[in-house]
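S.K.: The following block contains a protein sequence and its predicted model.
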Amino acid sequence: MLKRCIKCGFPETYETIEFNDAGICNICLQKDFKDSSINWVERKKMLDHLINEYRGKYDYDCLIPFSGGKDSTFTLNYLVREFKIKPLVIQFNHGFMRPQLLKNNEKTFKKLGVDVISFTPNWKVVKRLMKEALIRKGDFCWHCHTGIFAYPMQIAIKFNVPLIFWGEPSSEYTAYYDYTKNEIEEVDETRFDRFVNLGITADDMKGMIRHDFGLDERDLMPYTYPKLRDLKKIRFRSVCLGSYIPWDVKKNVKEISDELGWEGDQVENMPLHLYGYEKIECYMQGVRDYIKWLKRGYSRVTQMTALDLRNERITKDEADRLIEKYEGKKPPSLKLFLEYLEITEDEFNELVAKTVVSPHVPDFNRPMGNKTPDFEKWYREK
Amino acid sequence: MGNLRNISKAVYSLGFDFTYVNCKENFNGLTHLIIPGVGSFYAAMSHLNERELGDCIFDFAKSKKPILGICLGMQLLATFGEEGGGSYGLNLIPGKILKLDPGTENRLPHIGWNTTHFLKNHPVFQDVKDNLDFYYVHSYYFKPDSIEYILAESEYGMKFSGIVGYKNILGFQFHPEKSQTNGLKLLENFCNWKGIC
C-alpha cells in the first residue's frame, strides 16, 4: 500500500511530494498558503502594470500559447475581456487534437476575434520522438511538452512579441514552484529544464535518435529552446496568468462555458459528469494516464479528486468511489498508440515496467475501459 | 583580469553587446563600464596606470555613465589598497582596502556562497530579494570612509561590504557572473541602469 496524503489522497509516488508529521502533503499546504497568504489584490495590480508596460508597443500586446483546453481558453478569454488586449495566439499541434476541441477552438477564435498561428510538426519525427522518450523515461509526451513550451518562444522572437502569457501555474499541482515562496513563476528555460523536458534537451535527443532515423539537423528545431540572448534582446517576459489571479478550475470552466460556449468531452477512463473539462485536447490522454497509473499507482481521477478535496467540494468517500470505479483501466487508444510506435503490448509493458516508481508495483492485467464517442475518428496508420 | 571572459559572456547572454577596452581610444561610444578583476590590487593598479586607463575611467565616471567594479575591480574604486605593499586606487568611492579578519574559525581567502544583506535600496536591486547568497572569492575587503557608501553587507568572521555605491558608481565584492540567476539579475539590472539613483 502506498502512503497517501490524509487530506487529498496523493500517494508518495507523486512527483515533488513531501508529507508533514500530520500526514498532509506539501501540495495541500501550498494551496492553503495560496488561499490565506498571497496578496491577490497586489498581484492583480502587478498584472495591470505588466500589461501596461508592453501594451501598444509591438504588433501584438502579448503572445498566448494555446491548446484549446480549459486553461489556455480561460487565459485568452480573460485577457481579451478584462484588458481588451490584442494577442497573437500560437498553437502547437501535437498531432492528437480531437473533433470537439477543434470546434471549441473555432468558436473561441471567432467569438473573441483574434489572430492565430497554428504549427504542426513532422509526424514521422513525432513518432520517433514518442518512442525514444517512452524508452528513456517511460513518458512519450516529450515532443508535445517541449514543443508547447519551446516553439512559442521562437515565435515570440520571430514576431517580436515579448510578453507571453501561459495559464495555470505549476504550483496548482506540483512543488517545483511552491506557492509558499510567494514568487511569480517565470516560464523560462530554467523551468523548461526543471520539469518540462524530462532532462532531455533537443540536442540530447538528436544524439539519441540519429543512428537509426534519417534525421535532418533541423527536424528538432520546434523542440529547441531559444537562446537566452535572443529572448533577452526582445526583453521577453513569460509568465502564468495564474500567478496574478487565483486559479480556480471549476470557476474558470464555468466562465468559458457561459461566455464562449466551450464544451467539455469524454476522456478515456474519466467520469464525464464530473471532470468532462479536464484534458480534452489530446486523444492519447488515455495512454498517458494509463502509463501514469502503471508507474505511480494513481492517475487523472486521483489528481482531479485531490483538487476537489482541497477545495472541500467532495468527501473522501466520494473520491475513493470515483477512483475505484474509473481509474487504471486500459484505454482503447492504446491500440492506436502501439500501431504508431510499431511495438507490441508486451514490449510496451516491458518499457513501462523499467520506469515504475518505487514502492508501487504495477498490475498490467487490467480490464479495457470504454471507447469515447469520437474513437473511430482518431488517426490510424493502417 | 581572470573573470573578464565570464563577465562578458554573461553580459552577452543577457542580450547586451560588449567590447573590451584596453587603451584610452576605446572608450568612445561606451554606455556602461564594467571593471572586472581577479588578482592583486597593486598589480592591477600598475597595469591601469601603465596604459593610462585610470584617467579614462575617471573621465567616464565624471560623464555620469554607470560604472560597475566586480571583486578586485570593486576594490580598485577605493582611495587606497594595502594589498601588495600598498598603492593608490581610482578614488571613485572614498575608502580603503584592508585585509579581512576572518576570526579563528575561518580561513582566507573567503571562498564560496554567502548571504548578502541589503542596507539600502538601489535601482540595480530591483526584483532581487534581500538576504540571497552570492559567490565570493577574496581576502581583502572595502572599508568606505562613510557607511553611506555601503549598500549591502555580508559576514565572514566580521561584517564587510558586499556592495558599495556612490552616485553612478557601483561595486560588487562577489562575482555576479558566478552567482547564477540572482547574480545575472543584478548584472542585467546594471546594464539597464542609467546611472541615476
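M.R.: Yes, it's here. Predicted model only: the values in this text are computed from it and were never measured.

S.K.: And the helix ranked longest in chain B, what's buried?
M.R.: Using DSSP state H to define each element, chain B has its longest helix at helix B:180-192. Under the neighbour-count criterion of 16 or more other C-beta atoms under 10 Å in any protein chain shown, helix B:180-192 has B:N182, B:G183, B:L184, B:K185, B:L186, B:L187, B:E188, B:N189, B:F190, B:C191, B:N192 buried. Yep, even glycine has a C-beta here, placed from its N, CA and C like the rest.

S.K.: can you map out the strands along the chain?
M.R.: I went with chain A, as the question did not name one. Along chain A, the stretches classed as strands by DSSP state E are A:62-65, A:87-92, A:115-119, A:163-166, A:237-240.

S.K.: not quite, I wanted chain B
M.R.: Under DSSP E, chain B gives strands at B:33-35, B:67-70, B:80-81, B:87-88, B:95-99, B:110-118, B:132-138, B:140-144, B:150-155, B:159-166, B:169-172.

S.K.: Contact partners for the closest residue to chain A within chain B?
M.R.: As assessed by C-beta to the nearest C-beta, chain A sits closest to B:G15 within chain B, at 2.9 Å. The contact partners of B:G15, taken as C-beta atoms under 8 Å, 6 or more residues apart in numbering or on different chains, are A:L228, A:R229, A:D230, A:L231, A:K232, A:K233, A:R235.

S.K.: how about 6 Å then?
M.R.: A:R229, A:K232, A:K233 (C-beta atoms under 6 Å, 6 or more residues apart in numbering or on different chains).

S.K.: Where does pLDDT dip in the stretch 101-250 of chain A?
M.R.: Nowhere does the stretch 101-250 of chain A drop to pLDDT under 70.

S.K.: my bad, should have said chain B
M.R.: Within chain B, the segments meeting pLDDT under 70 span B:1-2.

S.K.: Counting neighbours, what do you get for residue 85?
M.R.: The chain I'm using is chain A. 20 (other C-beta atoms under 10 Å in any protein chain shown).

S.K.: should've been chain B
M.R.: B:G85 has 9 neighbours, counted by other C-beta under 10 Å.

S.K.: Ok, the one 4 residues further on next?
M.R.: A count of nearby residues for B:G89, using other C-beta under 10 Å, gives 24.

S.K.: Could you do A:P373 as well?
M.R.: Counted with other C-beta under 10 Å, residues neighbouring A:P373 total 11.

S.K.: Just the local confidence number for the residue lying closest to it once chain neighbours are set aside, please.
M.R.: When the adjacent residues along the chain are set aside, A:P373 lies closest to A:Q266, with 6.4 Å between them (C-beta to C-beta, 6 or more residues apart in numbering or on different chains). Note on A:Q266: pLDDT of 96.

S.K.: again with the one 10 residues further on
M.R.: You'll see A:G276 listed with a pLDDT of 94.

S.K.: So it sits against A:G264, correct?
M.R.: Yes - if you go by C-beta atoms under 6 Å, A:G276 and A:G264 touch, sitting 3.2 Å apart.

S.K.: if we can go back for a sec, make JSON lines out of the strands of chain A and add distance to A:M208 and mean neighbour count.
M.R.: JSON lines is the format used below for the strands of chain A (distance: least, C-beta to C-beta, whole Å; neighbours: other C-beta atoms under 10 Å in any protein chain shown):
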{"stretch": "strand A:62-65", "distance to A:M208": "26", "mean neighbour count": "26"}
{"stretch": "strand A:87-92", "distance to A:M208": "21", "mean neighbour count": "24"}
{"stretch": "strand A:115-119", "distance to A:M208": "23", "mean neighbour count": "14"}
{"stretch": "strand A:163-166", "distance to A:M208": "28", "mean neighbour count": "26"}
{"stretch": "strand A:237-240", "distance to A:M208": "27", "mean neighbour count": "22"}
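
S.K.: Including distance to chain B, could those go into JSON lines?
M.R.: Formatted as JSON lines, those follow (distance: least, C-beta to the nearest C-beta, whole Å):
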{"stretch": "strand A:62-65", "distance to chain B": "18"}
{"stretch": "strand A:87-92", "distance to chain B": "21"}
{"stretch": "strand A:115-119", "distance to chain B": "24"}
{"stretch": "strand A:163-166", "distance to chain B": "16"}
{"stretch": "strand A:237-240", "distance to chain B": "11"}
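
S.K.: Looking at these, which is nearest to A:E172?
M.R.: Proximity to A:E172, assessed across the strands of chain A by C-beta to C-beta, is greatest for strand A:237-240 (9.3 Å).

S.K.: Show me what residue of chain A gets nearest to chain B.
M.R.: Nearest residue of chain A to chain B: A:K232, at 2.9 Å (C-beta to the nearest C-beta).

S.K.: quick one: that residue and B:S13 touch, right?
M.R.: No - counting by C-beta under 6 Å, A:K232 does not reach B:S13; the two are 7.3 Å apart.

S.K.: any idea how far A:W142 is from B:T79?
M.R.: In this view, B:T79 and A:W142 are 58 Å apart by C-beta to C-beta, to the nearest Å.

S.K.: before we move on, what about A:I155?
M.R.: Taking C-beta to C-beta, one finds A:I155 at 20 Å from A:W142.

S.K.: More neighbours: which of these two?
M.R.: Set A:I155 next to A:W142 and count neighbours by other C-beta under 10 Å: A:W142 wins out with 23 against 18.

S.K.: what sits against the nearest residue to that one once chain neighbours are set aside?
M.R.: Spatial nearest neighbour of A:W142, chain neighbours left out: A:A133 (3.5 Å); criterion: C-beta to C-beta, 6+ apart. By C-beta under 6 Å, 6+ apart, A:A133 lies in contact with A:D139, A:F140, A:W142.

S.K.: Which ones among these map onto helices?
M.R.: A:W142.

S.K.: Quick one: distance of stretch B:131-139 to the chain centre.
M.R.: With C-alpha atoms, centre = their mean, to the nearest Å as the basis, stretch B:131-139 stands 12 Å off its chain's centre.

S.K.: go on, stretch B:60-78?
M.R.: Using C-alpha atoms, centre = their mean, the mean C-alpha position of stretch B:60-78 is found 7 Å from that of the whole chain.

S.K.: about what we covered before: now the contacts of B:G15 as CSV including neighbour count?
M.R.: Formatted as CSV, those follow (neighbours: other C-beta atoms under 10 Å in any protein chain shown):
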residue, neighbour count
A:R229, 14
A:K232, 18
A:K233, 16
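
S.K.: Understood, closing this out.
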